[in-house]
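Peer 1: after the sequence you'll find the predicted model.
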Amino acid sequence: MTMDSDKSAFSEADLVRLAQQGDMRAFEELVARHRDKIYARAFSMVRNEDEALDLSQDAWVKGWQRLAQFQGDSSFITWIMRIVINLSLDLLRKRKRQRIESLELMEEEGRGERMMPAFNPNPSAGLERAELRVRIDRALSQLSHEHRAVLVLHEFEGMEYKEIAKHMRCSIGTVMSRLFYARRRMASLLVSLKREFLE
């Protein structure tokens, strides 16, 4: 019986405990269980496959280095997810410093729906859902880094305004206005998709 087969049967709590004691194979099993989610979160924020891969790998390295600090107050996946989110936000801040964003781009959408359209595709229509995902990803990629980050943190991570403000180092009012803009912009970009599903 190999060490790997032993580890795959362990609970997450046992794997964390073993990894905290220096068991690298236990940590490798944690990585195997969660690497896709961590990569997906990084990609949803930075919209670049290579950077998302680098960020997710950096998150796992930091996770290993800081594992002793993990107290179990949240689930392991929540803890490691916070690490990759912070790394992604750091990269977005670095990008912002390196280039000046056009104010016209951020203000061009003067009109549009205030809320994201509701989608209720047929559960059996796998292809339609895949197409929906592609279009949502395409729309997300057209948002500025700041607006996309706020939308991802609020809608996908369930963070409150105060927590987002702390992570992004801005005021709660700025978070609210960015989220409002991001939702309105997404609604505008997805209007044709909404009509398609209503037909």
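Peer 2: Yes, it's here.
Peer 1: going by C-alpha atoms from here, please, whenever you check contacts or count neighbours.
Peer 2: OK.
Peer 1: tell me which element the residue lying closest to Leu140 once chain neighbours are set aside falls in.
Peer 2: Distances taken as C-alpha to C-alpha, 6 or more residues apart in numbering put Arg148 closest to Leu140, at 6.4 Å, once the chain neighbours are dropped. In this assignment (DSSP states H and E), Arg148 forms part of helix 145-151.
Peer 1: likewise for Arg95?
Peer 2: Secondary-structure assignment from DSSP H and E places Arg95 in helix 76-98.
Peer 1: need the contact list for the residue nearest the centre of the chain.
Peer 2: By C-alpha atoms, centre = their mean, the chain has its centre lying nearest to Arg41, at 3.1 Å. By C-alpha atoms under 8 Å, 6 or more residues apart in numbering, the residues touching Arg41 are Met81, Val84, Ile85.
Peer 1: the helix or strand that contains it: what's the following helix or strand?
Peer 2: Secondary structure from DSSP H and E places Arg41 in helix 24-46. Using DSSP H and E, the helix or strand that follows helix 24-46 in sequence is helix 49-65.
Peer 1: residues near Gly173, how many?
Peer 2: By other C-alpha atoms under 10 Å, the residues close to Gly173 number 12.
Peer 1: measure it to Lys162 for me?
Peer 2: Separation of Gly173 from Lys162 (C-alpha to C-alpha, to the nearest Å) stands at 10 Å.
Peer 1: before we move on, what about Asp58?
Peer 2: 26 Å.
Peer 1: now the helix or strand hosting Arg133 and helix 24-46, what's the angle there?
Peer 2: Per DSSP H and E, Arg133 falls inside helix 126-141. With axes from the mean of the first three to the mean of the last three C-alpha atoms, to 10 degrees as the basis, helix 126-141 and helix 24-46 are set at 70 degrees to each other.
Peer 1: so for helix 126-141, what's the average pLDDT?
Peer 2: Helix 126-141 carries an average pLDDT of 75.
Peer 1: got it, and stretch 38-49?
Peer 2: Rounded mean pLDDT across stretch 38-49 is 92.
Peer 1: would you confirm that Glu29 contacts Ser8?
Peer 2: Yes - between Glu29 and Ser8 there is a contact under C-alpha atoms under 8 Å: 6.6 Å.
Peer 1: what about these two, which has more around it?
Peer 2: The neighbour comparison of Glu29 against Ser8 (other C-alpha under 10 Å) goes to Glu29, with 21 against 16.
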